[in-house]
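Chemist: the following comprises the amino acid sequence and a computationally predicted model.
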Amino acid sequence: MYDGNHSPANDPATMLANRIRKNMRRLKPWLGRNQIHAFRLYDRDIPEVPLSIDRYEDHLVIFRWKRNDDDRYDDAWLERALTGASEATGVPRDNIHVKTRERQRGASQYTRDDDAGVEVIVREGGLRFIVNLSDYLDTGLFLDLRRGRQLVREESRGRDVLNLFAYTGAFSVHAAAGGATSTTTVDLSNRYTSWARRNLELNGFTGPQHRLVRADVNAFLSRAIQANERWDLAIVDPPTFSNSAAMDEHFDVQAHHVDLLHAVRRVIRPGGAIWFSTNYRRFQLDEPALAPLRAVERTDDTRAFDFTRDGQHRSWRLEVPA
């Protein structure tokens with residue numbers, strides 16, 4: 001239990017404020033060059049302050065880690081830490097949103113925790129995205145996939161782009177901004193399909209060339225194969241595990257990634273590519289079973305500069321033979 005002793009040696013406000021200021025000096029040039037206004041500010045840097053802090057414009061989202069939520073890190077301790085974060089950033093206390101992280105399975109990270117409806121528009125690479133800072137564990141924009149979005153944007157010009165497990169459609173927005181001929185955004189959730197539409201419209205991407213589909217990905221791919229639909233580039237960022245009642249069967253990324261990626265291959269034109277990523281830390285890509293796809297790991301290229309801890313995600317670019 002926090003004893004209220006505010007000496008600099010153990011005061012979470014002092015320790016956290018000092019580290020945040022240090023991190024901002026490191027991040028500021030990079031943020032300016034890349035037009036980034038949503039980023040990880042603090043990543044459990046100090047063992048005595050086991051928090052992760054993301055900044056979204058003039059708001060902070062602070063994650064408490066469940067395994068560290070013991071008597072040493074009670075509400076009084078947390079309030080001192082929030083004071084330090086507010087003082088170092090200038091973000092008012094009312095704009096700080098606290099969430100609890102614990103081991104997730106299935107769709108639990110997407111379930112509603114609140115209904116305050118605190119929505120903010122954030123900027124990334126000249127684009128704008130709607131985030132919800134209050135109602136769900138995740139905000140609607142995965143910050144650690146930022147560099148992957150940029151790489152997709154860079155190779156989308158003149159291509160038909162398919163975004164599977166699309167969440168709120170950030171990859172689709174980047175593809176459209178990169179000059180994609182068309183985007184197809186697929187997600188099982190009506191909420192996230194609607195959210196993706198809002199993100200596309202916010203950036204001026206409307207019309208029938210930007211198609212949104214609410215569907216189970218496996219069912220969508222089966223129909224697309226039968227209909228001989230084809231795309232040039234696909235983004236596949238599936239959950240680690242899902243047992244949604246709306247799916248025909250459960251999904252496990254390790255067990256099912258080979259079948260999934262072969263189904264995607266069948267809707268990609270010769271010479272096209274698939275960007276595949278997962279945040280499952282023990283994931284092993286079964287490259288021999290994926291032939292004739294040629295897999296090149298691109299994790300180092302997609303690693304986010306502002307995330308200092310290992311294990312954000314792993315990513316591959318899989319080439320479809322010409």
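Modeler: That came in fine, so what should we check first? Numbers count the residues shown, from 1 in each chain.
Chemist: what segments of the stretch 201-322 of the chain are strands?
Modeler: 210-214, 231-236, 241-242, 251-252, 268-278, 294-297, 314-319 (DSSP state E, counting those that start in this stretch).
Chemist: may I see these arranged in CSV, with distance to residue 146 as well?
Modeler: Backbone N, C-alpha and C define where each C-beta goes, glycine included. Formatted as CSV, the strands of the stretch 201-322 of the chain follow (distance: least, Cβ to Cβ, whole Å):
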stretch, distance to residue 146
strand 210-214, 21
strand 231-236, 14
strand 241-242, 24
strand 251-252, 25
strand 268-278, 12
strand 294-297, 18
strand 314-319, 12
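Chemist: highest average neighbour count across those?
Modeler: Most buried of the strands of the stretch 201-322 of the chain, by mean neighbour count (mean count of other Cβ atoms under 10 Å): strand 231-236, with a mean of 24.
Chemist: ok so, going back, worst mean pLDDT among the strands of the stretch 201-322 of the chain?
Modeler: Mean pLDDT is lowest for strand 241-242 out of the strands of the stretch 201-322 of the chain, coming in at a mean of 85.
Chemist: tell me where the longest helix sits in the protein.
Modeler: helix 12-34 (DSSP state H).
Chemist: strands paired with the helix or strand just after that helix, and their directions?
Modeler: Proceeding N to C from helix 12-34, the next assigned helix or strand is strand 38-43, under DSSP states H and E. Strands adjacent to strand 38-43 in the sheet, as given by DSSP bridges, are strand 51-56 (antiparallel).
Chemist: which residue is the nearest non-sequential neighbour of residue 289?
Modeler: Of all residues not flanking residue 289 in the chain, residue 258 sits nearest, at 4.7 Å (Cβ to Cβ, 6 or more residues apart in numbering).
Chemist: sorry, slip of the keys, the one I care about is residue 43.
Modeler: residue 308 (4.7 Å).
Chemist: so for residue 43, which of the strands of the stretch 201-322 of the chain sits nearest?
Modeler: strand 314-319 (17.9 Å; Cβ to Cβ).
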